[in-house]
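Asker: Structural data only, the sequence is not supplied:
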RNA sequence: CGGGGCGUAGCGCAGCCUGGUAGCGCACCUGCCUUGGGCGCAGGGGGUCGGAGGUUCGAAUCCUCUCGCCCCGACCA
């Protein structure tokens, strides 16, 4: 049996100054972990115990649909070059050389390695479908690790990969994962939502994220309380209230207006007394592609037009340009391309214009479709234009959805107002397609003896994120409490006085009995004042505490529920069944 | 990578501006005391002041460089 006096649980009275969010503070204060370097942590006894519980739940559920592998974290350059990601991943990938000078990297995910196994060892459709997974350390050289375990450079991920002969098979594998993920997160005691997600730069047809709402999250999720629609802001759409267009001024042709030093939509709207909704804003970007197949890196100017009061979502913009990274144009590039400084940029005669010999792309947000007589920049310093109508006043390359959805806008499904809230991603399921299999040359023979490329899915769960999210969801100013299924211990037995023989004897007996009933219990046998033991117990995430005090003489102990603060006197004879009921109620 | 901040004992901080014996609280060790919410008293240990260089009779303090960490942004399958 675990006795607190023998364990290393370095609790802290004060939170380290570096910690900002609740989970970060409490993981440190509760002695779950210690930091080694930016985004790199050592998990101590309690932290590791909780991580193992989470991983075991994931393993148990994944074993029902797939097979566990253990793959190398150290990968050869070859496979990553074959998939094209050696270049694509850029600075985000840790790279190193061995003594012979051979390039290696630390794997961020394992599409390549898994697909390589398929290439070498799968020959026939009869061997499909396959679902392979692993629970292992992943490495990403994040530009900015933050918020404790929320965003780190070394972390534990369950990632699985499905291989099917056709789309229908992929649908099944994908669905299996969705259901498995729901079981996993339910068992972990998390409140989560499933959202439509951006499929990312790597293509792929469908993807969903499992998100936990928390202020500490880094993602934004739009959701509808009425019909359940939920989507990552990178993907979310909404219905907009109709807007009244301005009447045509003068002859209806674009008309120059002198607007000295009026550079922002806000100023312009005031200056001309028009609503921002009748403005069209111009955003200038450069899309970049890393070197590929021996070709050098390249860049293309991209101009996006949005309604004046709308915000551009860069992920949506990047989504229009496969595998590209986008960055705002720099001042000198803007001058060169538009012939005017930022603040006066507009759409006229842009299509086909080149910057450094590369033709620019003109994109207009779908919210402007059908609008007319808008105000925009004139590509001339200190001038704007009235009467600008897309496709009439200027040519464009593409109508696309580029804007951020705003809170209160209409749900795309049912028109009710949407809410937008922060969330953290704990899992992601993703129909990948044939990209990797193709790139690595994985082929199998189908029924007709024809070579076909299997179709893949990839599915991830962040183990640390589950712990982090659980703490974010369950804490107060004294500490936190974890769902019993993932707590390092489910119960701590606390004798009020370690020197009271009767109390200690009863505590030992109770702890022993609970342990033999399969409850994860520990005994706080420290010779400390009760106040201190309570404070520690409140801090470290154990959901239930049994106080063994003076009433042992009457065979009575007190059961304390951390989440509610509720205390109940229970007869020692009934303690085991009582605790079992509490623990199972919250799902073991 | 841009902006901001911080590195002094395990944790939280003061000292720096105005150079002169390195401090406080908690934690830790010893003893006594205490035992239902971080108890009290007494004694004690623990520091390359992130690192290097410079200025100075003398540097935690001033200057230069450097390393690290945190926050905002950028970035993020």
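Answerer: Received it, and whenever you're ready, just let me know what you need. None of these values were measured; they are calculated from a predicted model. Residues are numbered from 1 along each chain as shown, chains lettered A, B, ... in the order given.
Asker: domain parsing for chain A?
Answerer: Chain A breaks down by automatic domain parsing into domains covering A:48-236+A:419-472, A:255-400, A:489-585.
Asker: got the residue ranges for the helices in chain A?
Answerer: Using DSSP state H, the helices found in chain A span residues A:22-29, A:45-62, A:77-83, A:85-88, A:111-121, A:167-187, A:265-272, A:314-320, A:331-338, A:435-440, A:463-473, A:501-516, A:530-539, A:575-585.
Asker: What is the burial count for residue A:534?
Answerer: 18 (other C-beta atoms under 10 Å). Glycine gets a C-beta too; all of them are placed from N, C-alpha and C.
Asker: correct me, but residue A:378 touches residue A:349?
Answerer: No - between residue A:378 and residue A:349 there is no contact under C-beta atoms under 8 Å: 10.9 Å.
Asker: From RNA strand B, how far off is the closest residue to residue A:434 other than its chain neighbours?
Answerer: Closest residue in space to residue A:434, ignoring its immediate chain neighbours: residue A:453 at 4.7 Å, by C-beta to C-beta, 6 or more residues apart in numbering. When C-beta to the nearest atom of the strand, to the nearest Å is the yardstick, residue A:453 and RNA strand B sit 17 Å from each other.
Asker: Residue A:453 and residue A:122, how far apart?
Answerer: 11 Å (C-beta to C-beta, to the nearest Å).
Asker: which neighbours do those two share?
Answerer: Jointly contacting residue A:453 and residue A:122 under the rule C-beta atoms under 8 Å, 6 or more residues apart in numbering are residue A:442.
Asker: how about low-confidence regions in the stretch 51-200 of chain A?
Answerer: Residues of the stretch 51-200 of chain A meeting the criterion pLDDT under 70: A:199-200.
Asker: Which positions in it make contact with RNA strand B?
Answerer: A:85, A:92, A:109, A:111, A:142-147, A:151, A:200 (C-beta under 7 Å from any atom of the strand).
Asker: and with 6 Å instead?
Answerer: A:85, A:109, A:111, A:143-147, A:200 (C-beta under 6 Å from any atom of the strand).
Asker: Could you rank these by neighbour count and give me the top one?
Answerer: residue A:111 (24 neighbours).
Asker: doesn't residue A:459 make contact with that one?
Answerer: No - using C-beta under 8 Å, residue A:111 is not in contact with residue A:459, being 11.2 Å away.
Asker: list residues touching both of the two?
Answerer: Common neighbours of residue A:111 and residue A:459 (C-beta under 8 Å, 6+ apart) are residue A:161.
Asker: Find the residue closest to the most centrally placed residue in chain A in space, skipping its chain neighbours.
Answerer: Taking C-alpha atoms, centre = their mean, the centroid of chain A lies closest to residue A:425, which sits 2.9 Å from it. Once flanking residues are discounted, residue A:425 sits nearest to residue A:209: 5.0 Å by C-beta to C-beta, 6+ apart.
Asker: In contact with that neighbour, which residues are there?
Answerer: Counting by C-beta under 8 Å, 6+ apart, residue A:209 has contacts A:194-195, A:197, A:219, A:232, A:425, A:427-428.
Asker: And those residues, which is closest to RNA strand B?
Answerer: residue A:428 (5.3 Å; C-beta to the nearest atom of the strand).
Asker: So for residue A:256, what's the pLDDT?
Answerer: Predicted confidence (pLDDT) for residue A:256: 81.
Asker: Okay, and the beta partners of it?
Answerer: residue A:385 (DSSP bridges).
Asker: Next, count neighbours for it.
Answerer: 11.
Asker: Likewise for residue A:286?
Answerer: Quick note: residue A:286 (other C-beta under 10 Å) scores 20 neighbours.
Asker: In this structure it contacts residue A:332, no?
Answerer: No - shown here, residue A:286 and residue A:332 do not form a contact pair, counting by C-beta under 8 Å, at 11.8 Å.
Asker: Now do the same contact list for the residue nearest to residue A:434.
Answerer: Contacts of residue A:453 by C-beta under 8 Å, 6+ apart are A:434, A:437-438, A:442-443.
Asker: Just the buried ones out of those, please.
Answerer: A:437-438, A:442-443 (16 or more other C-beta atoms under 10 Å).
Asker: Under the pLDDT cut-off, which ranges of chain A? List them.
Answerer: A:199-204, A:290-294, A:586-588.
Asker: so where's the longest strand in it?
Answerer: Counting by DSSP state E, the longest strand found in chain A is strand A:419-433.
Asker: near RNA strand B at all, it?
Answerer: Yes - under the criterion of C-beta under 6 Å from any atom of the strand, RNA strand B is reached by strand A:419-433 at residue A:428.
Asker: Work out the sheet partners of that strand and label each with its direction, please.
Answerer: strand A:207-213 (antiparallel), strand A:219-223 (antiparallel), strand A:455-462 (antiparallel).
Asker: returning to what we had before: closest to residue A:482 among the contacts of residue A:453?
Answerer: residue A:437 (39.8 Å; C-beta to C-beta).
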